[in-house]
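> Make a model of this:
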Amino acid sequence: MNYLETLNDRQKEAVLYTRGPLLIVAGAGAGKTKAITHRIAHLIETGVNPRSILAVTFTNKAAGEMRERVHALLPEGVGTPLVATFHSLGVRLLREFHKEADLPRGFTIWDRDDSIRTIKRILERMDIGEWTPRNILGAISRQKGDGVSPSSYEERVHSYRERAVAQVWRAYEDALKEEDALDFDDLLARTLVLLQTNERVLSLLQHRWQHITIDEYQDTNAAQYEMARLLAGSSRNLCVVGDIDQNIYSWRGADIAHLLSFEKSFPGTKVVTLEQNYRSTRTILAAANAVIAKNVKRLEKNLFTENPTGEPVTLYASRNEIDEAWFIAQTALRLIEDGTPADEIAVLYRENFQSRAIEEAMLAFGVPYRVLGTRFFERKEVKDTLSYLRGAMNPKGTADLTRIIGVPPRGIGKTTLDKILAGQEDKLPASVRAKVATFREMLAKIAHAIKTLPASEAVRYCVEASGIDAMHKDDIEEGGERLGNIRELVNLAVRYDDALPPEGIERLLEEAALQSDQDELAEKLAAVSLMTVHASKGLEFDAVFVTGLEQGLFPSLRDDTRDSEEERRLFYVAVTRARKFLYLTYAGQRMKYGSREFTLPSEFLEDIDPRLMTAISRESSDTMHGDIID
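Numbering: from 1, shown residues only. Predicted structure coming up:
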C-alpha cells in the first residue's frame, strides 16, 4: 500500500472510505484526480473486480488522464475499470442495448452542424423566421438535458415561442428517426429513458458496476444526475467529486443543487473536503480566495498551499484592446525568452471576439500561438472523409449525402440532389441517373471495406475510392496541408485496428462526434494557448493572462437569467488556472460591434487586496512596448 504514502490526510481519508455514498469537495488544484485514481486502485487492491468499477467524467482529455493514472498504479496484468465520459457511456449502452432502446446498432451521431442545418431546413419549410436555428436548438437541448420529452414539453407550452419550439422539435425528431440518427443530447436522453423503462437492463448494469465515481459532479444536468442515481441503485456505492466554486455551466443545464443536496439525496453520506492546493503560489491563491468568498451559494472551504509566495499578480490598465493585446504578446515573448515554455502560457477571454486583436499582436511579435476551438475533426477535409464513412454505414443519412455528393465534383448539382432527397430520382435524365448509380456503388464499396478491413485500412480505402485523395493532390495551394490532416486521421484510426470491423470505424466516428475543445491540447505544440475561460476548465499553466476585465464584459451583463454568482465563479476558475504568474488586464475603451465604448474596471478587481498586486498602465510600460495606435 505504498501508494497511500503520497497522499495527504484528507486524500487518504477519501481513498480509504469504500462503502456507501461519498462526497469529495475538492478545491481547485487540490489533487482530486489523485484522490480518485488512488481510491480506484485501493478498491482493486482490496479485492474489488476492476470490471465492477465505473468512473465518469466530462471530457475525453480528463477521462484519458484518469485512465492512464489508474493503469500506472495497478500491477501488471490487472484489468482496468471503465473510465468514460457521460456521452461515451451513453453511446456504449445504446449500442449494447440497441434493441431495447428501439435503435439500430449502427445509429449515426449528429454533430452540432448537422443539427443546425436540419433545424434551418425545418424553419424554412414552416416559414418561421423569428428565431435562429441556434436559438431553437439551444431550447431543445436544454429540455433534453432536463430529461423532458417532446410530448411532455408540448403539454405545458404557453407562449408563441414555446409552441414554435415544440412544433420544430417534433419535425426535428422525425428527421433524426428517418435517418437512424441521434444528436449529442440524445446520447444522454435516450440512455436515461432506457434505464427508466427497462428494469432488466437497469438491474444488469447495477450488478455490473458495484462502485461508481462521478467527477465534476457540480456540472451534472438533470439527465446525468438521474443516470448516476439509477446506476448506483440500492448499494449506494456512489462517490461524487465536485466544487461548487467551479460550477460555470448553468447555461447548458448544470445544476449546483445536485452537489448541494447530495447528503439529503443519499443519507449517511461521508463528506471529505480537499483544501490543500498543490498548483498555485500563495499570492495567486489569496487572490482567488478573496474573490470567491463573496459568493453565498457554496460549501465553505478555504484553500491553502505550502507553495512559495511567488510573484505579485500583475494588473495592467490598458488604453484600448490593441494596447492590451500588445502588452500580452510582448509579455508572453519575454516569458518565453526567460524560460517559460510557450505551451505553459494561456490567454483567457470571456468572449471569442476578443481573440482577434490578441492574434494580431501575437503575429506582430512573432509569438507562436494556437486558438482552442479550431478542432481537428471540424477541418473540412477531415469532415468530408468522416461524412463518407458515415454515409457508407448509414445510406439513410441525408446530411452526409448532401455534404459528399459533390466532393469531389462529379457532375451532380443541387437540382439533382433536391430530386434525390425528394424521392424523385426516377425523374432524372438517364445520364444523371448513371452518375448517381456510380456514386452509390462507390459508397457500397466503402461500406464493404468498413465491414471487412481494420479501421485505418478502411479509412485509407475510403480516401482513395471517394476521390478525395486525388482531388487534394491536384490542389497546389492547400492540397499538401489538407492531405496531411487526412493522413493524421488514418493515424488516429490505427488505435482502433484491434477492434473487429465495423466496430473500429464506429469508435473512430464516436471519438469525432464527442470531441471537446480541450482534446486539441493532446497535440503537443510549442505555442501559447488562446481560449475562452469556459474552455480552460480543468487545465493549468505556468502563466495565465485573464483579459477584458471590464464591467459588462467580465462580468458579463448580457444574460439576466444566469445565476448572478456564476460570473464570479468563472473568474475564480480563470485565476486558479495559473501556477506561477498571473496577469489581469482591462481596457479603458474597447471596440464592440463596430463602435468604441468607454469602460469601467471589473468589480472583481476590487475584491483583491492591492498588496497582492503590482499595477502598471500604458504610460508606465511605454518603454516596454513603444507607441500604441488608438
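
> Report the contact partners of the one residue sitting closest to the centre of the chain.
Nearest to the geometric centre of the chain sits S516, at 3.5 Å (CA atoms, centre = their mean). The contact partners of S516, taken as CB atoms under 8 Å, 6 or more residues apart in numbering, are T59, N60, K61. Heads up, the C-betas are built off the backbone N, CA and C, glycines and all.

> run the last query once more with 6 Å
T59 (CB atoms under 6 Å, 6 or more residues apart in numbering).

> Got the confidence number for it?
We have a pLDDT of 71 for S516.

> So which residues of the stretch 351-500 of the chain form strands?
In the stretch 351-500 of the chain, strands defined by DSSP state E, counting those that start in this stretch lie at 369-371, listed in chain order.

> Listing request: residues of it with sub-threshold pLDDT.
Scanning the stretch 351-500 of the chain with the threshold set as pLDDT under 70 gives 373-375.

> and what of the stretch 1-150 of the chain?
In the stretch 1-150 of the chain, residues with pLDDT under 70: 1.

> Now stretch 297-313: buried residues?
R298, L299, K301, L303, T305, N307, G310, P312, V313 (16 or more other CB atoms under 10 Å).

> now the longest helix anywhere in the chain, how far from the chain's geometric center?
Longest helix in the chain, counting residues (DSSP state H): helix 430-452. Put simply, helix 430-452 sits 35 Å off its chain's centre (CA atoms, centre = their mean, to the nearest Å).

> What residues sit buried inside it?
V432, K435, V436, F439, M442, L443, I446, A447, A449, I450.

> Which members of the residues you listed define the maximum pairwise distance?
V432 and I450 (27.2 Å; CB to CB).

> residues touching the residue of the chain most remote from its centre, list them.
Computed with CA atoms, centre = their mean, the residue of the chain farthest from its C-alpha average is A430, at 47.2 Å. Applying CB under 6 Å, 6+ apart to A430 gives no contacts.

> then stretch 201-217 to PDB, C-alphas only?
Taking only C-alpha atoms (Å, rounded to 0.1, in the frame of the first residue of the first chain), the coordinates of stretch 201-217 have been written out as PDB:
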ATOM      1  CA  VAL A 201     -31.200  -3.600 -18.300                       C
ATOM      2  CA  LEU A 202     -31.000  -1.400 -15.200                       C
ATOM      3  CA  SER A 203     -30.700  -4.500 -12.900                       C
ATOM      4  CA  LEU A 204     -27.900  -5.900 -15.200                       C
ATOM      5  CA  LEU A 205     -26.000  -2.600 -15.100                       C
ATOM      6  CA  GLN A 206     -26.400  -2.200 -11.400                       C
ATOM      7  CA  HIS A 207     -24.900  -5.600 -10.900                       C
ATOM      8  CA  ARG A 208     -22.200  -5.000 -13.400                       C
ATOM      9  CA  TRP A 209     -20.900  -1.700 -11.700                       C
ATOM     10  CA  GLN A 210     -20.800  -2.100  -8.000                       C
ATOM     11  CA  HIS A 211     -18.700   1.100  -7.400                       C
ATOM     12  CA  ILE A 212     -19.400   4.300  -9.300                       C
ATOM     13  CA  THR A 213     -17.300   7.500  -9.300                       C
ATOM     14  CA  ILE A 214     -18.600  10.800 -10.900                       C
ATOM     15  CA  ASP A 215     -16.100  13.600 -11.400                       C
ATOM     16  CA  GLU A 216     -17.100  17.300 -11.800                       C
ATOM     17  CA  TYR A 217     -20.400  16.500 -10.200                       C
END
